[in-house]
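J.: coords please:
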Amino acid sequence: MSTDAIVLLRDDHKSIRKLFRDFEKAGPNAVKRKGQIADKIITALTVHTYIENEGMYPQVRDRVPELESDVLESYEEHHVADLLVMELVTMSPDAERFDAKMTVLIENVEHHIQEEEDEWFPKVLEALGRKQLREIGEHLLELKEKAPTSPAQPSALKKTLDAIVK
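T.: Presented below is the predicted three-dimensional model:
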């Protein structure tokens, strides 16, 4: 298993995209199935945004100052996703706006992933190289072990509220 930060994050992106496809394939009448998939999406996104916000973004911001505006945009994109996730957690899968809210979340996260993979990751790789990315990746793996799995967990909720105040 690679510890390269970009490889780890791409693997997460791949898993998240698969969950998105599973949700979309469940169809409008698969309420229970959608609820189960939505729970997996919420967990995956909560863990993923945590390790990026706490591990990847601060490291890139410190080591590659010219990418600061990209990092700040990424924080804001995560903020939007976090708000949608927090709302979805409180909703039943058969709620009138559940599918619409999940669709907006999927579209936003897909856009964010595409930007990271096509624009941001190549710049980070060029600036840092594989050795530094492996160091960051090892830190991401440590963070993943203690990451919140739900936005309702106190540490995740505090981070989200802190981000709102900023």
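J.: nearest residue to the residue nearest to the spatial centre of the chain other than its sequence neighbours?
T.: In the chain, the centroid-proximal residue (Cα atoms, centre = their mean) is Thr49; its distance is 3.6 Å. Nearest residue to Thr49 in three dimensions, chain neighbours excluded: His78, at 4.6 Å (Cβ to Cβ, 6 or more residues apart in numbering). Every residue, glycine included, has its C-beta placed from N, CA and C.
J.: try Asp70
T.: In space, Asp70 is closest to Trp120, 5.4 Å off (Cβ to Cβ, 6+ apart).
J.: my guess is the one you found contacts Ser69. True?
T.: No: counting by Cβ atoms under 8 Å, Trp120 stays clear of Ser69, with 10.9 Å between them.
J.: by mean pLDDT, which helix or strand of the protein comes out lowest?
T.: Least confident element among the helices and strands of the chain, by mean pLDDT, DSSP states H and E: helix 154-165 (a mean of 52).
J.: packing partners for the host helix or strand of Ile37?
T.: Using DSSP states H and E, Ile37 falls within helix 31-51. Contact here means 3 or more Cβ pairs under 8 Å, 6 or more residues apart in numbering; DSSP states H and E; on that basis helix 31-51 packs against helix 5-25, helix 68-89, helix 98-115, helix 121-146, helix 154-165.
J.: what's the neighbour count on the nearest residue to Ile41 once chain neighbours are set aside?
T.: Nearest non-adjacent residue to Ile41, counting by Cβ to Cβ, 6+ apart: Leu19, 4.8 Å away. By other Cβ atoms under 10 Å, the residues close to Leu19 number 19.
J.: show me what contacts Leu19?
T.: Ile37, Lys40, Ile41, Ala44 (Cβ atoms under 8 Å, 6 or more residues apart in numbering).
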